[in-house]
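Undergrad: could you work out the structure for the sequence below:
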Amino acid sequence: MPNYKKPLFLSKPGIICVAGNNIKELYNSVTTANQRGIKQITLPNGKQVFAGHIPNTSIYEITNAALEQIRPCVEDAIAEYGKEKIAVCVGSCDNGSKESHIAHKTFFRSSMWPDDYSLYKQSAGNIAQYTATKFGVSGAVFTIATACASSASCFIRAAELITSGLYDAVLTGGADIASVTALLGFDALGALSDKLCNPFSKNRSGTTLGDGAAFFLMSTKDFSGNSIEFLNGGESSDAYHITSPEENGAGAVRAMKTALSGFSADNVDYINLHGTGTYQNDVMEGKAAASVFGTREIPVSSTKPVTGHTLGAAGAIELAICYAILTESSQVFPVHCWDGIYDEAIPYLSFCVKEEKGQKNTHQRKVNICMSNSFAFGGSNVSLLIGRF
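TA: From the prediction side, this is the model:
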């Protein structure tokens, strides 16, 4: 049973990424293996890689687009609880890098900063403050920046804020962009692929970054009427290396086992893997999943080949995919996009695959509980559990 004394309900998410401009479009993309949003681009250093860019948008614009989709739930919560009883907790790796990059180019060209540029645009807390200001809520405003686990951790913090009695609802989620700075940084690490992302394949060659934002309202009342609860979350910090994960996956195991506290591994009907397509992550996550779930064939997939790796927003976007599985009548699982060439170094996983003739993958069953994994640089590991009770 859930570890919280009161149910913690999740609203229908607001979302935007290259795989869809709302939750329905995203669900359709991940269940049909539609990778149309992933394009080849050329980096400033001349290298060609794949990325999921939303054209001509800033991190504020995609945040606003996602938040507008949950406005009715937020307004209902304000009417129910009052603005002072609603907090904000947002995860992001970005700190205005796109705006800063443009400003720096202008400065190098003319020795003058653009008139609308300020150092404040590089504040890590901008998106969280933007979210609070947009709806006029006056509760605490938190930012979490733990690399690719940022927004996943936000759901655990949101649950703590509500169960502590401090707040009745929390606006939570994340936003990030695959800025030039981020792309060059991942390229310097040798983590970007010059091919389509191919997670868990023996032929994988790196990850694919993407832009995206996803936001939920977590509260003690079910404002969307979908009866989807945040059941539990688990975190660990192994601090094994600044970028490489611990090979045996011990930190990931701890996060998953903590999320399963009060549950059996047999209760989990689907796992959205972190699945970046990098050599180190996939080996680690495969070993960790095998350690926790044994030989049970739980349907799993990585959706990053469709959405791109949306960095600090990945946890929220992938939890939104789990939400869609639970609420869509078909309950079809997201397809695992890869070439099917298994790496013998990775324990067996029951990947959801696409049928040869048709649009739905072969795994289709009643789903009650989903797990979403986010394992980040620096050893920040998060597993989230949501379901219908």
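
Undergrad: all contacts plus neighbour counts: C-alpha atoms, from now on.
TA: Will do.

Undergrad: can I assume Lys304 is in contact with Thr208?
TA: Yes. Between Lys304 and Thr208 there is a contact at 7.4 Å, judged by CA atoms under 8 Å.

Undergrad: and those two? which has more neighbours close in?
TA: A count of neighbours by other CA atoms under 10 Å puts Thr208 above the other of Lys304 and Thr208, at 33 against 30.

Undergrad: phi, psi of the more buried one?
TA: Here is the backbone geometry of Thr208 (degrees, to the nearest 10): phi -130, psi 120.

Undergrad: need the pLDDT of it.
TA: Note on Thr208: pLDDT of 96.

Undergrad: gap between it and His101?
TA: Thr208 sits 21 Å away from His101, going by CA to CA, to the nearest Å.

Undergrad: who touches both of Lys304 and Thr208?
TA: Shared contacts of Lys304 and Thr208, defined by CA atoms under 8 Å, 6 or more residues apart in numbering, are found at 197, 276.

Undergrad: the stretch 101-250 of the chain: helices as residue ranges?
TA: Per DSSP state H, counting those that start in this stretch, the stretch 101-250 of the chain carries helices over the ranges 126-135, 150-163, 180-188, 250-259.

Undergrad: packing partners for the lowest-mean-pLDDT helix or strand in the chain?
TA: Among the helical and strand segments of the chain, the one scoring lowest on mean pLDDT, DSSP states H and E is helix 97-110, with a mean of 79. With contacts defined as 3 or more CA pairs under 8 Å, 6 or more residues apart in numbering; DSSP states H and E, helix 97-110 has these neighbours: helix 180-188.

Undergrad: for the helix it packs on, output the C-alpha coordinates as PDB.
TA: Presented in PDB, the C-alpha positions along helix 180-188 are these (Å, rounded to 0.1, in the frame of the first residue of the first chain):
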ATOM      1  CA  VAL A 180      24.600  24.600 -27.500                       C
ATOM      2  CA  THR A 181      26.400  24.600 -24.100                       C
ATOM      3  CA  ALA A 182      24.800  21.300 -23.100                       C
ATOM      4  CA  LEU A 183      25.400  19.700 -26.500                       C
ATOM      5  CA  LEU A 184      29.000  20.600 -26.500                       C
ATOM      6  CA  GLY A 185      29.400  19.500 -22.900                       C
ATOM      7  CA  PHE A 186      28.000  16.000 -23.700                       C
ATOM      8  CA  ASP A 187      30.000  15.800 -26.800                       C
ATOM      9  CA  ALA A 188      33.200  16.600 -24.900                       C
END
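
Undergrad: low pLDDT regions in the stretch 101-250 of the chain?
TA: Scanning the stretch 101-250 of the chain for pLDDT under 70 picks out the ranges 121, 241-243.

Undergrad: you'd agree Ser219 is up against Gly165?
TA: No. If you go by CA under 8 Å, Ser219 and Gly165 don't touch, sitting 11.5 Å apart.

Undergrad: who has more neighbours, these two?
TA: Shown here are Ser219 and Gly165; by other CA under 10 Å, Ser219 has more neighbours (26 against 9).

Undergrad: tell me how many other residues crowd the nearest residue to the more buried one once chain neighbours are set aside.
TA: Leaving aside its chain neighbours, Ser219 sits nearest to Ala169 (4.2 Å; criterion: CA to CA, 6 or more residues apart in numbering). As a burial measure, Ala169 scores 30 neighbours (other CA under 10 Å).

Undergrad: bridging residues for Ala169?
TA: Ile86, Ser219 (DSSP bridges).
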